[in-house]
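*Asks:* Got a sequence here, can you build the structure:
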Amino acid sequence: MDYTYLLPCHGSVNTNIITGICSNFKSPSTPIRIFAKMNASFFKAKLFLFGIGLALWGSLHGQICVNKFSSIRFTGATYDTFTCSAVTKTNEIISTGNLYDYNGAAHIAKYSAKGSVIWSYQYNLAYFSFYPQIFFKTVHFTKIMPTADDGFLVAGNVDQVLSPFGNPPPVKIYALLAKIDKFGKVLWNKTISNFGGDMSFSNIFETSGGDYIAYMTNDNGKKKLPGEHTYGRVLRINPSGTVKWSTLLFTYLFDAGGLGLNHKQAITQAQNKNIIIGDAIHKTDPANGSVIKEGNLHFMELDYATGKVNWETSYEYPVPLTDIYFTPDIVSVSELAGGQFSFITSLYLPAAPVGGLSKKGVNIITSNKGVIQNMVAYAPADGIPCNITDIAISSSGSRTLLFNKKGKAMLVNINADGQVIWNQGYDDEGGRYPANCFSAGKNGFNIFMSSNKSTEARLLITDPGGVIDCMNLPADILAQPATLNYSHDSVVTNPDINFDNYLDYAYPLKRSDDYPLSKNVDCQQTLACCTDFIDSSVKNNIRICEGKNYVLPDSTIIKDSGTYYITYKTPLGCDSIVFYKIGMDKDVSDLRLGPDTCLTQTSSIKLQATPGYDKYFWGNNLTPTNDVYTIDRPGNFWVTVSNSCGLKTDSISIYAQCDFPVYMPKAFTPNYDNLNDYFRVPSSNKNRLIRFTIFNRWGHLIFQTTNPQRGWDGTWRNEPLPSDTYVYYLEMEGFSGKRILEKGSFILVR
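*Replies:* Alright, predicted model coming up:
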């Protein structure tokens, strides 16, 4: 016999012991049904024992559902290379990527902590012009940062191209910065360029006061003359996108550009609220403007209120003859407990015992004024060159580095002194899935792996020690003491020089279509007992009137149409995500059929109602149609619309004739008896009134109007005029467009 048992997924601990099997529900207060094909008493006994077991487990483990690790493959419609990842304060994962189709759209996706896709969208620059010729193709997002209001800030650049088809090469590269809400909608964006070369936002940081610090790179291309220079710029921007200050990092003979836009600069805010910057600048050989003659690591503090330089230091880094264009990425800067700063980068350093230079990861620890106090290099035991490509800092401040060793990915966790605590390697399946970026969640790390050779990408979700049993490989990164012993010119920045101005063209970034990602789990181990419920195909459809708001159950205020969601947490820590599709209804008060017209010039007329409503009901027809209705006879016609804003009917009269003869009264009696008190154009005349004028017998103007509803009451300057003969002059226009002029006399009788 079949039995159905209704189990509550909420309430006291005694009811919560059942939540081990309450895996798929949309609300913490929604019960589920369990179907059992067994004897009722047997099922109740089994359920009771199961509940006791879960209660004991819950008392020991606090009923927290922990995903130990997962290896997930995502398949999209085209190649998608991940560029950055971050984690929200609610432990949701976000990623940016670049698509190799869809006109070079950028891609942003949001996932649950277990890797289930919540939403995934394409982003394009929605602007074009044939004259002057401006077309945009490829949007590059290089950095994404969660913000305090649950949204995101994304940074990167966009290519201006030669034609709508995006024929290479790019004409110009614009810097791009955008604020996006938690549902993926663009709130504002900046598209910035100057009269020189290419520009990009390379890094962003949210301050303790809620403003954003952005590093904007500039590249004028290969230097052709000794006097040509390219400098970086740092901006402070408030949450609504207004620039508070902008500091050009004018470093005289040292350039911050000329070698492309794909270099990283580091930003943080110190305890004293000021901004710490780490970048790399260089002098180039005058004979060859792209060969580095002297490169310097450049550390500085900018005043938070003004953007002025408080202090700066610089240290020359070696450039080998085998890599004459080398410019190091400054991946990160962090303030340590004692007020020191730790700058993470990769440099060519001496390779013992074989000699020469080898690329290594480097941790440079400075004083609170940027003076180097200690330096730690990281390299594998076999001495193979490696470099640091990304860093993730956990909520506790623990730092983990992403290394690239000949295409192989390794995570290395370090302490405040820069010493290695643990390291883990990961299988990239022979280079098919190189690691692009990663982020630190509450229970481990999220490693994104992809290339432009496959429509498949991979997300590895590890435990807090970087462990994922099905994907781990040995890693052997060792920490070694290091030094920088190179003479150099001290770098001086003059922030008072600001010749390289820029313009925000505000070309709009638009969220376009969904970019579906299909998910397959290669391996997974879960320490506890429930499953996320995320099904974006099931939505609550809500209609609201334009100009009105809708409040989600979590108090989020919705003002625009789109897809939104809220996340419920089960007692065991799993996500149950409910989606809302909000539609915006056009205000019915805007409905219009236009002015009355005539039929004699054509055999039929198409009546056009105000567009934008879902359904139109013409006349007494109960079947909805669209906003156009064809008629072939004179008469009165009407249309009705209704939605969440209300209901409205508008009508129009179609006449058999287009020009109406003018018949004006010969007299009127303004004696306030509500009979013939006004001299006006009769309402039966359907011509359009242009002007209605009245003169006395001496030709003085005493009344004029363009309103056909208004008439003369027999007064002038609020004084009644005597009985007499007066003259009117009438200008009208028929439905045919013909001008109609009429004049005559009438008598005022008192």
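
*Asks:* make it CA atoms for all contacts and neighbour counts henceforth
*Replies:* Noted.

*Asks:* Show me the residue sitting in the middle of this structure in space.
*Replies:* In the chain, the residue lying closest to the centroid (C-alpha atoms, centre = their mean) is I180, at 2.9 Å.

*Asks:* D673 versus E335, what's the distance?
*Replies:* From E335 over to D673 the distance is 90 Å, taken as C-alpha to C-alpha, to the nearest Å.

*Asks:* Compare these two (neighbour count), which wins?
*Replies:* Taking other C-alpha atoms under 10 Å, E335 and D673 do not tie; E335 has more neighbours (21 against 8).

*Asks:* Does the more buried one touch A270 like I think?
*Replies:* Yes: taking contacts as C-alpha atoms under 8 Å, E335 lies within contact range of A270: 6.4 Å.

*Asks:* Show the pLDDT at L54.
*Replies:* pLDDT for L54: 38.

*Asks:* measure the nearest residue to V234 once chain neighbours are set aside to Y378 for me?
*Replies:* Nearest non-adjacent residue to V234, counting by C-alpha to C-alpha, 6 or more residues apart in numbering: Y215, 4.6 Å away. Computed as C-alpha to C-alpha, the Y215 to Y378 distance reads 27 Å.

*Asks:* And D255, by the same measure?
*Replies:* Look at D255 and Y378: by C-alpha to C-alpha, they are 28 Å apart.

*Asks:* same question, G466
*Replies:* 18 Å.

*Asks:* Which residue ranges of the stretch 401-550 of the chain form strands?
*Replies:* Using DSSP state E, counting those that start in this stretch, the strands of the stretch 401-550 of the chain run over 408-414, 420-426, 435-440, 445-449, 456-461, 472-473, 477-481, 503-504, 509-514, 518-526, 533-545, 550-551.

*Asks:* can you list the residues that contact the fifth one?
*Replies:* Contact partners of strand 456-461, identified using C-alpha atoms under 8 Å, 6 or more residues apart in numbering, comprise 69-76, 79-80, 114-115, 433, 444-451, 468.

*Asks:* if we go to 6 Å?
*Replies:* Outside strand 456-461, the residues that touch it by C-alpha atoms under 6 Å, 6 or more residues apart in numbering are 69-75, 445-450.

*Asks:* would you turn these into TSV with distance to E228 and neighbour count?
*Replies:* Putting these into TSV (distance: C-alpha to C-alpha, whole Å; neighbours: other C-alpha atoms under 10 Å) gives the following:
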residue	distance to E228	neighbour count
F69	52	26
S70	51	25
S71	49	22
I72	49	20
R73	47	20
F74	46	19
T75	46	17
F445	44	25
N446	43	30
I447	41	24
F448	39	24
M449	39	25
S450	38	27
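
*Asks:* Of those residues, which is the nearest to E733?
*Replies:* Comparing the contacts of strand 456-461 against E733 with C-alpha to C-alpha picks out T75 as the nearest, at 65.4 Å.

*Asks:* Find the residue closest to that closest one in space, skipping its chain neighbours.
*Replies:* Nearest non-adjacent residue to T75, counting by C-alpha to C-alpha, 6+ apart: E456, 4.5 Å away.

*Asks:* quick revisit: and Y215 and Y378? which has more neighbours close in?
*Replies:* Neighbours per residue (other C-alpha under 10 Å) separate Y215 from Y378, with Y378 holding more: 28 against 25.

*Asks:* doesn't N274 make contact with T268?
*Replies:* No: here T268 does not reach N274: they are 8.6 Å apart, not a contact under C-alpha atoms under 6 Å.

*Asks:* Out of the two, name the residue with the larger neighbour count.
*Replies:* Between T268 and N274, T268 has the larger neighbour count (other C-alpha under 10 Å), namely 22 against 19.

*Asks:* just to revisit the earlier point, name the element the residue nearest to V234 belongs to?
*Replies:* For Y215, the element it lies in under DSSP states H and E is strand 212-219.

*Asks:* Could you name the helices and strands sitting against that strand?
*Replies:* Applying 3 or more C-alpha pairs under 6 Å, 6 or more residues apart in numbering; DSSP states H and E, we find strand 212-219 packed against strand 198-206, strand 233-237.
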